[in-house]
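# just coords:
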């Protein structure tokens, strides 16, 4: 019974991801910023879909985050994550992005990352 439920959850998540990705596409000049939340950390990547390459990435697993705080998945960590990724994209002279929330609703931690990216100077 549990196996069926986990398979159903994976199918639902795949449908949500596919529906969102049908509307969103990243290029070299305007990459797609994708958010992923694991049970312990949060990851963000700027992706050029034309080449299939990651232009920049940041996650709360990095040393910079471990030195600053004990909790790696609260809204404060999400703010720092957005600022770090915005800085890395600014270094590569990228000003505009497409925000991909993944399977997560635009609320809470995902919204905190997006607001930090905007505060960092990115437009989307």
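On my side now, so go ahead. These numbers were taken from a predicted model, which means no experiment stands behind them.
# Flag the helix or strand of the chain with the lowest per-element mean pLDDT.
Comparing every helix and strand of the chain by mean pLDDT, DSSP states H and E singles out helix 63-68 as the least confident one, with a mean of 80.
# helices or strands next to that one in the packing?
Applying 3 or more CB pairs under 8 Å, 6 or more residues apart in numbering; DSSP states H and E, one finds that helix 63-68 contacts helix 75-91. Where C-beta positions appear, they are placed from N, C-alpha and C, glycine not excepted.
# moving C-terminal of the helix ranked longest in the chain, what's the next helix or strand?
The longest helix of the chain (DSSP state H) is helix 2-21. Once the chain leaves helix 2-21, the next helix or strand it forms, by DSSP states H and E, is strand 32-37.
# strands paired with the helix or strand following that next one, and their directions?
Sequence order places strand 42-48 as the next helix or strand after strand 32-37, per DSSP H and E. Strand 42-48 has the following strand partners under DSSP bridges: strand 32-37 (antiparallel), strand 53-59 (antiparallel).
# returning to what we had before: what residues sit buried inside the least confident helix or strand of the chain?
residue 65 (16 or more other CB atoms under 10 Å).
# Average pLDDT for the longest helix of the chain, rounded please.
If you average the pLDDT over helix 2-21, you get 91.
# Low-confidence ranges, this structure, go.
Applying pLDDT under 70 to the chain flags residues 1-2.
# Which residue lies nearest the spatial centre of it?
residue 35 (2.0 Å; CA atoms, centre = their mean).
# Next up, the contacts around that residue.
Counting by CB atoms under 8 Å, 6 or more residues apart in numbering, residue 35 makes contact with 42-44, 100-102, 104, 110, 113.
# before we move on, what about residue 97?
When contacts are counted by CB under 8 Å, 6+ apart, residue 97 is found next to 26, 30-33, 46, 89, 117, 122-124.
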